[in-house]
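S.K.: I'll drop the sequence and a predicted model, then ask my questions.
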Amino acid sequence: MQADAPAGTKTGTETYLPSLSLEDYLRDTVPAHPVLKSSVDFGRPGSDEALRALAATTTEFDSDETGRGDTYRRAQQDPSVRWRGMRQLLELAAPSRAPSDTAAPRTVLDVLGGDGTIARAVHDHARELWDRPHILTGDLSGDMVERALAQGLAAIRQAADHLFLADGTMDAALLAYGTHHIAPQERLAAVTEALRVVKDGGHVVLHDFDDASPMARFFTDIVHPHTTAGHDYRHFSRDLLAELFAEAGTPARVVDLYDPLVVRGTTEEEARRRMCAYVADMYGVGAFFATLGGTDACWRLLEEYFQHDTYLSTLPEQTDFTTAPIVYRSEGAFIAEIPRAAIVAVSHKPPT
């Protein structure tokens, strides 16, 4: 479908982003981004219904009035905090090719991309990535997508269970950093949609935190009772991930991935303080953290909840993950590191 002829839509004047109609988006935004121009398809069956659902949707990431949107975006201003995990996920989605390979860069759909954190991280760390992928940011939140576009990123507003993209137009798809927000009854559709838009031979990668992990416990005990919107979401397990992809018709292998939060400071105290501020913004628990009595108390809470010894002992294979929050010296700075152990399903779409 051509970008300037949105088949399957009524008039194109429906609200699509906070300050853009679908007609505006197709006319002004899509042609400016080659990846959008070559892949968008608002004429797919069910798109009318999906667009109406989007127009009626408010998410907890739109603003702090609806949850933790503004503070979350503030935390994401420095995308390097999660770069270690992001880089591993991108390598699973689009494995590096030989330096002699002159094929065009791969395009990775970041299904739950927010305001483009992964895309910005790739840009900031370009020197580390000779085989640098292109990132297409998708998200359910209109505010998030609008902010990604304002930063010059290719972005599209869509629900994970109905992607406005043509079949086989992406080299890989990544569902990460919020996959548990997808309702359980919609997860199979989300995986099926990701597989649909990926080319034959491409990968679909789904990242989340094991429902028995320290991260899941932190969400349950700290985030859920102390945020505006709560956090009553069901996390994944290895069995659930495997069953999900098997049901979608493309089996996946499940791997453990070290996905820490990493913050720098000029002193040990500053590094710990900045980490506490980051976690407060990232998870919308700033008001609760303010009651703890300062950085030392906050750090003790993080040490309590991100102790990984017991969880790591249950994994099917031994890992060398850091087991507890630490501060160390590196390259003239103090580094505060909060360990997070994620589970990741990696599926390879077979050639037809």
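M.R.: Thanks, I have it. Given the structure is predicted, the values throughout are model-derived calculations rather than measurements.
S.K.: Is residue 166 in contact with residue 197, as I believe?
M.R.: Yes. Taking contacts as Cβ atoms under 8 Å, residue 166 lies within contact range of residue 197: 7.3 Å. In this view, the C-beta of every residue, glycine as well, is placed from N, C-alpha and C.
S.K.: who has more neighbours, those two?
M.R.: Legend: neighbour count by other Cβ atoms under 10 Å for residue 166 and residue 197, higher for residue 197 (24 against 16).
S.K.: if we can go back for a sec, overlap in contacts, residue 166 and residue 197.
M.R.: residue 39 (Cβ atoms under 8 Å, 6 or more residues apart in numbering).
S.K.: before we move on, which element is residue 97 in?
M.R.: For residue 97, there is no host helix or strand (DSSP states H and E).
S.K.: which residues touch it?
M.R.: Here residue 97 is in contact with 103, 131 (Cβ under 8 Å, 6+ apart).
S.K.: and if you look at residue 168?
M.R.: Residues counted as contacts of residue 168 (Cβ under 8 Å, 6+ apart) are 196, 197, 198, 199, 200.
S.K.: if I read this right, the last one contacts residue 351, doesn't it?
M.R.: In this case it means residue 200. Yes. If you go by Cβ under 8 Å, residue 200 and residue 351 touch, sitting 4.3 Å apart.
S.K.: quick check: longest strand of the protein.
M.R.: strand 198-208 (DSSP state E).
S.K.: Buried residues, that strand. List them.
M.R.: 198, 199, 202, 203, 204, 205, 206, 207, 208 (16 or more other Cβ atoms under 10 Å).
S.K.: out of everything not next to it in sequence, what's closest to the second one?
M.R.: The one in question is residue 199. Distances taken as Cβ to Cβ, 6 or more residues apart in numbering put residue 168 closest to residue 199, at 4.7 Å, once the chain neighbours are dropped.
S.K.: what does stretch 60-77 rub up against?
M.R.: Contacts of stretch 60-77 (Cβ under 8 Å, 6+ apart): 58-59, 81, 114-115, 117, 139, 141-144, 147, 227-229, 278, 280-284, 286.
S.K.: Quick check: the farthest pair among the buried residues of strand 198-208?
M.R.: Spatial extent of the buried residues of strand 198-208 (Cβ to Cβ) is set by the pair 199 and 208 at 24.2 Å.
S.K.: Surely residue 147 and residue 115 touch.
M.R.: Yes. Here residue 147 reaches residue 115: they are 4.1 Å apart, a contact under Cβ under 8 Å.
S.K.: which residues in this structure form strands?
M.R.: For the chain, strands defined by DSSP E occupy the ranges 15-17, 20-21, 107-110, 134-139, 155-157, 170-175, 198-208, 252-258, 261-265, 326-330, 333-338, 341-348.
S.K.: Figure out which of these is closest to residue 308.
M.R.: Smallest distance to residue 308 across those (Cβ to Cβ): 5.9 Å, for strand 341-348.
S.K.: Tell me what angle that closest one forms with strand 252-258.
M.R.: If you take axes from the mean of the first three to the mean of the last three Cα atoms, to 10 degrees, strand 341-348 sits at 150 degrees to strand 252-258.
S.K.: Quickly list what the closest residue to residue 321 other than its chain neighbours is bridged to.
M.R.: Computed as Cβ to Cβ, 6+ apart, the closest residue to residue 321 that is not its neighbour in sequence is residue 258, at 4.7 Å. Residue 258 has these beta-bridge partners by DSSP bridges: residue 341.
S.K.: and if you look at the one 5 residues further on?
M.R.: Note on residue 263: beta-bridge partners residue 336, judged by DSSP bridges.
S.K.: for it, what are its contacts?
M.R.: 81, 271, 274, 275, 278, 335, 336, 337.
S.K.: so the fifth one touches residue 80, yeah?
M.R.: Okay, so that is residue 278. No. Counting by Cβ under 8 Å, residue 278 does not reach residue 80; the two are 11.3 Å apart.
S.K.: neighbour count winner among these two?
M.R.: Neighbours around residue 278 and residue 80, counted as other Cβ under 10 Å, are more numerous at residue 278. The numbers are 21 against 14.
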